[in-house]
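>>> Let's see this in three dimensions:
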Amino acid sequence: MTTIQSTLSIHDSMRELLATASESDDCTFLLPVIENLFEQINTIDGDAENAYRQVINNLSSLLIENNVLSDEGKKHFEWLVKFSQSGHDANVLEALMQRFDSSLFKTRPDTEEPPSTKPSVAVSESAAGSGKTKKTDAEINLDFLQSINNVNDLNSPHFHELLKENHVNDDEIKTLKDTLTTRLESTKSQFHEFENVMQLLLADLQEANDSNELESIRSMLNRSISNLLSEQSTISNNIIDVARELDLFESHCKHLNHELGLVKRLSMTDELTRLPNRRAFLKRLENESGRVQRYGYPMAIAMIDLDLFKEINDNYGHAIGDQVLQSYTKHVLSTFRNYDLVARYGGEEFAVLLPHTDIFGAERALNKVLQKASETPLDREAVDAPVKLPTFSAGVTAYQQGESIDNIINRADKAMYNAKRLGRNRVVVEA
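Residues are numbered from 1 along each chain as shown. The predicted structure follows:
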């Protein structure tokens, strides 16, 4: 259907409706029809703008001619004709056309005020143009008000489920950001639309010549301001709701960060001894070796294996073996300096990183700890078995500029096995 044919069809449909309205005691049934009509106008193919303005002119003329409008209604549709002919922005016309209520139509005596809810009235297929669906600015604004009124995205069970399960990912955050941005932009558009309407009302107010015109404009102005205040109140309330949801989101994010930090610490900690685990040791060794290469200070590592520990497990069970490891950590390995890193490398084997320490300093430190092990009695309250605190065999080596992490660990391991081969309970330095 062409633009002209669509326009004529709409015009003919309205003429039939108005003929019925002129004989009716209550013409307010035209409200949803007119609103639906204006929605359909935007679906016309071709030169839609000209058709848009033509229908406004025809509709306004028909309403005035059929004597179904109140004085305020006549003024309202005269404005539509005026503004459509003068080439004002379509958004301004949309704003004017959104302000329909029963006060625009004449009411007969003894006629009850119509209900405020809008009945669903469909426009005929001939009036629907090409049938394309395109959302108008008014529909988008209505969607905006409905969405923030319900706080749909932020209050959805799915959103809270994500937060509770700590499954907030980058896509969810981007969706939240885009939603808020869209709502804020739509809010700005609403206030801009209202500003345009107010400017038009002000211009007409300045041109008014008699008291009837002034009274009609005053009534329209009051109604427009009331609509704005109602919408603004809704928006304000829901901005508060959105703020609450953002606070909740921030709280959950902080909780999530705390949980992630805890998980990270647990992944780097030995559960039994509470010492750093093998992963933590290798990470720290990698970082420290990088600093050694940049700044040239010395660094040493040691590998420690408890002597004859397998016999404790075999004779008394793994539970007693675990108690011995805990006691050893507390009373012997705590002898190392605070800035040395002592880690449980696996089983009864421990690794020690000694930064800013040359090979001689590392050897002295290991011998000091070895002496502590031989002098410390077993904590009978902590270990429920008649066992002795074991000694250890240790291999010590110094980091060589440019060598790999695997290489320095292998050299320390080799020195430790040499200590065991030489009779245990000793420290061997790998040159």
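
>>> how far away is H258 from A280?
Taking Cβ to Cβ, to the nearest Å as the criterion, H258 is separated from A280 by 19 Å. Where you see a C-beta, it was placed from the backbone N, CA and C, and this is true even at glycine.

>>> what's the answer for K368, then?
24 Å.

>>> list the contacts for K330?
With contacts taken as Cβ atoms under 8 Å, 6 or more residues apart in numbering, K330 has the following neighbours: 379, 382.

>>> Next one, pLDDT for it please.
K330 carries a pLDDT score of 92 in this model.

>>> which ones are touching the nearest residue to T391 once chain neighbours are set aside?
By the measure of Cβ to Cβ, 6 or more residues apart in numbering, the closest residue to T391 outside its immediate chain neighbours is N425, 4.0 Å from it. Applying Cβ under 8 Å, 6+ apart, one finds that N425 lies in contact with 307, 370, 374, 391-393.

>>> again with V352
Neighbour list for V352: 301-304, 336, 340-343, 366 [criterion: Cβ under 8 Å, 6+ apart].

>>> Domains in this protein, by residue range?
The record's domain parsing of the chain by automatic domain parsing lists 3-107+116-134, 138-259, 278-429.

>>> From the opening residue of the longest one to its closing one, how far?
Looking back up the chat, that one is domain 278-429. By Cα to Cα, to the nearest Å, the extent of domain 278-429 from end to end equals 22 Å.

>>> before we move on, back to that, for T329, state which of the contacts of V352 is nearest.
Sorting those by how near they are to T329, with Cβ to Cβ, puts V342 at the top with 8.1 Å.

>>> State the phi and psi torsions of the closest one.
When read as degrees, to the nearest 10, the backbone of V342 gives phi -110, psi 120.

>>> and K368 and A280? which has more neighbours close in?
Comparing K368 with A280 by other Cβ atoms under 10 Å, the one with more neighbours is A280, at 19 against 12.

>>> Mind giving me the packing neighbours of the helix or strand harbouring the more buried one?
When secondary structure is defined using DSSP states H and E, the element that contains A280 is helix 278-295. When contacts are defined as 3 or more Cβ pairs under 8 Å, 6 or more residues apart in numbering; DSSP states H and E, helix 278-295 sits against strand 299-306, strand 341-346, strand 349-355, helix 405-421.

>>> Pull out the buried residues from it.
Judged by neighbour count (16 or more other Cβ atoms under 10 Å), helix 278-295 contains these buried residues: 280-282, 284-285, 288-289, 292.

>>> just to revisit the earlier point, any idea how far the residue nearest to T391 is from V242?
Here the criterion is Cβ to Cβ. By it, N425 lies 69 Å from V242.

>>> P298 too?
Between P298 and V242 the computed distance is 58 Å (Cβ to Cβ).

>>> Out of those two, name the residue with the larger neighbour count.
With neighbours defined as other Cβ under 10 Å, P298 and V242 compare such that V242 has more, 20 against 16.

>>> Need the pLDDT of that one.
With respect to pLDDT, V242 has a value of 71.

>>> Same check on S147?
38.

>>> just K388 next, same as before
Reading off the per-residue confidence, K388 sits at a pLDDT of 87.

>>> How about K368?
K368 is assigned a pLDDT of 96 by the prediction.

>>> ok, now H258?
pLDDT recorded at H258 is 83.

>>> What distance do you get for it to P355?
The spacing between H258 and P355, counted by Cβ to Cβ, is 29 Å.

>>> any weak-confidence spans in the stretch 301-431 of the chain?
Residues of the stretch 301-431 of the chain that meet the criterion pLDDT under 70 lie in 431.

>>> 90 instead?
The model of the stretch 301-431 of the chain has pLDDT under 90 over residues 338-339, 376-389, 402, 431.

>>> for the stretch 151-300 of the chain, same thing?
Across the stretch 151-300 of the chain, residues meeting the criterion (pLDDT under 90) sit at 151-268, 295.

>>> quick one: the nearest residue to R426 once chain neighbours are set aside and A365, what's the gap?
Counting by Cβ to Cβ, 6+ apart, R426 lies nearest to A419, which is 5.0 Å off, once chain neighbours are set aside. Counting by Cβ to Cβ, the gap between A419 and A365 amounts to 15 Å.

>>> okay, the two: which has more neighbours?
A419 (24 against 21).

>>> contacting residues around that one?
393-395, 426-428.

>>> Just those residues: which are in helices?
Applying DSSP state H to those, no entry is found in helices.

>>> For these, work out which two are farthest apart.
Spanning the widest gap among the contacts of A419 are G395 and R426, at 10.0 Å by Cβ to Cβ.

>>> When the two are compared, which one has more neighbours?
Neighbours were counted for G395 and for R426 using other Cβ under 10 Å; G395 has more, 25 against 18.

>>> Correct me if wrong: that one contacts D413.
Yes: under the contact definition of Cβ atoms under 8 Å, G395 touches D413, with a separation of 6.4 Å.

>>> Need the overlap of contacts for these two.
Between them, G395 and D413 share these contacting residues under Cβ under 8 Å, 6+ apart: M303.
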